[in-house]
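Participant: Model the structure of this input:
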Amino acid sequence: MTTGLERGAGSSAPRSEDVARLAGVSRKTVSRVLNNEPYVSDESRRRVLAAAEELGYRLNHAARALASGRTRSIGVVALATAGYGTASLLVGIEQAVRDAGYALRVVNTPDGDPQSIAGALESLLEQGVDGIVVSVPIVEGDVPLGVDVPVLFVGAPPAFTAARTLTVGVGAHELARAATEHLLDLGHSTVHHLAGPRRWYATKDRIEGWRAALAARGAHEPPVLNGDWSAASGYAAGLGLASDRLVTAVFAAGDEMAIGLIHGLRESGRRVPEDVSVVGFDGNPVFAYVTPPLTTVRQPFEAASSEGIRLLLHAIEKPDTELPPANDPPVELIVRGSTAPPPSL
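Facilitator: Below you'll find the predicted structure:
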């Protein structure tokens, strides 16, 4: 696109009227395009975006905030951990927020202590965020704070009052059920479960999915073992299960625990998958390259993040309307080399 506009080295920054003139549209059309509003043709949208890019035009967010009463920013309260699941979910949230043209403000909390979460929320509210995402899998009691903006809870029930509360999950119950059913379909009479820490919501969801699969087949429910998401806790569980020759299938609630479990079983003389089949949970792509490659269920972090932010933005931008129907997260089982039919007894 040739501008026909000359800007010297000392000229001021481009304005919306410059974009409108170059694109051959009205300033109102420029405003609609840059604010992601409807009622703009694809051709006009393309021309406005091309003109804005050519001119190096940046929307004045501060001015828009004064005019609209919104800052076009989303706050996130997240657990301070480098775990694959938590980190992947945060990446998905960040991408969805930025794709919508909003800024992101993140405050980490070291645990699920209500006072810690309340402090994180107050920090975000002081920054004037339009909505908040709470991605904390542990909340030890009610949070002593009311929030006057919409709040999205990811993978957990609401823990405090807000202008509007929304929830979205990754389908942990269905994923756990699919993992357990895969092992039962291979012919295993039952499936043992290595769960996460008891106080995590994710632990409860995965246990419920595992139990539902066993109950539907009339299979015996073995005692639940608890780890702490680490490979070390999986290794300890593997050493303990190895001595029970009736154990032929284990569903681990996390991929890292599954890898540790396999190591403990093999070190104790139990082969995987010839003697014991193991399924993980998360879908960490790294574990496609271990021996044996890990069968797992993939958490739909990107889909859940996108769906959650879609609902949150609707609550922010159209507060007096009903929420659109939520889309169910996909269920994806990835079958690799750590599962097989049970050994002949």
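
Participant: all strands of the stretch 1-150 of the chain, in order?
Facilitator: Using DSSP state E, counting those that start in this stretch, the strands of the stretch 1-150 of the chain run over 73-79, 103-109, 131-135, 147-154.

Participant: so where's the protein shaky on pLDDT?
Facilitator: Within the chain, the stretches with pLDDT under 70 are 1-13, 36, 38, 58-70, 82, 139-140, 345.

Participant: Repeat the analysis, applying 50 as the threshold.
Facilitator: For the chain, the stretches with pLDDT under 50 are 1-11, 61-63, 65-67.

Participant: would you list every one of the helices in it?
Facilitator: 16-23, 27-34, 42-55, 61-68, 84-99, 114-126, 172-185, 201-217, 231-241, 255-267, 301-317 (DSSP state H).

Participant: Out of those, which one sits most buried?
Facilitator: The highest mean neighbour count among these, using mean count of other Cβ atoms under 10 Å, belongs to helix 255-267: a mean of 24. For the C-beta atoms, the positions are set from N, CA and C on the backbone; glycine is no exception.

Participant: now it and helix 231-241, what's the angle there?
Facilitator: Orientation check (axes from the mean of the first three to the mean of the last three Cα atoms, to 10 degrees): helix 255-267 against helix 231-241 gives 40 degrees.

Participant: any idea of the angle helix 255-267 forms with helix 84-99?
Facilitator: 160 degrees.

Participant: packing partners for helix 255-267?
Facilitator: strand 192-195, helix 231-241, strand 249-252, strand 277-282 (3 or more Cβ pairs under 8 Å, 6 or more residues apart in numbering; DSSP states H and E).

Participant: And that helix, how far out from the chain middle?
Facilitator: Taking Cα atoms, centre = their mean, to the nearest Å, one finds helix 255-267 lying 25 Å from the centre of the chain it belongs to.

Participant: before we move on, back to that, of all the strands of the stretch 1-150 of the chain, which one is nearest residue 225?
Facilitator: Smallest distance to residue 225 across the strands of the stretch 1-150 of the chain (Cβ to Cβ): 23.1 Å, for strand 73-79.

Participant: my guess is residue 287 meets residue 294, correct?
Facilitator: Yes. Taking Cβ atoms under 8 Å as the definition, residue 287 is a contact partner of residue 294 at 4.1 Å.

Participant: list residues touching both of the two?
Facilitator: Shared contacts of residue 287 and residue 294 (Cβ atoms under 8 Å, 6 or more residues apart in numbering): 255, 258-259, 280.

Participant: Nearest residue to the residue most central in space within the chain in space, please, no chain neighbours.
Facilitator: In the chain, the centroid-proximal residue (Cα atoms, centre = their mean) is residue 89; its distance is 3.1 Å. With sequence-adjacent residues excluded and distances taken as Cβ to Cβ, 6 or more residues apart in numbering, residue 89 is closest to residue 301, at 5.0 Å.

Participant: I'd like the distance between that neighbour and residue 168.
Facilitator: Here residue 301 is placed at a distance of 11 Å from residue 168 (Cβ to Cβ, to the nearest Å).

Participant: can you check residue 282 too?
Facilitator: For residue 282 relative to residue 168 (Cβ to Cβ), the value is 18 Å.

Participant: can you check residue 48 too?
Facilitator: 32 Å.

Participant: And residue 227, by the same measure?
Facilitator: 26 Å.

Participant: before we move on, what about residue 281?
Facilitator: 18 Å.

Participant: Between the two, point out the one with more neighbours.
Facilitator: Higher neighbour count among residue 281 and residue 168: residue 281, with 28 against 23, using other Cβ atoms under 10 Å.

Participant: I figured the more buried one hits residue 177, correct?
Facilitator: No. Under the criterion of Cβ under 8 Å, residue 281 makes no contact with residue 177, lying 11.4 Å away.

Participant: Residue 307: which of the shared contacts of residue 287 and residue 294 is nearest?
Facilitator: Taking Cβ to Cβ as the measure, residue 307 lies nearest residue 255 of the shared contacts of residue 287 and residue 294, at 23.0 Å.

Participant: list the contacts for that closest one?
Facilitator: Contacts of residue 255 (Cβ under 8 Å, 6+ apart): 84, 280-284, 287, 294, 296.

Participant: One more: residue 117?
Facilitator: Applying Cβ under 8 Å, 6+ apart, the residues contacting residue 117 are 77, 109, 134, 136, 139, 143, 159.
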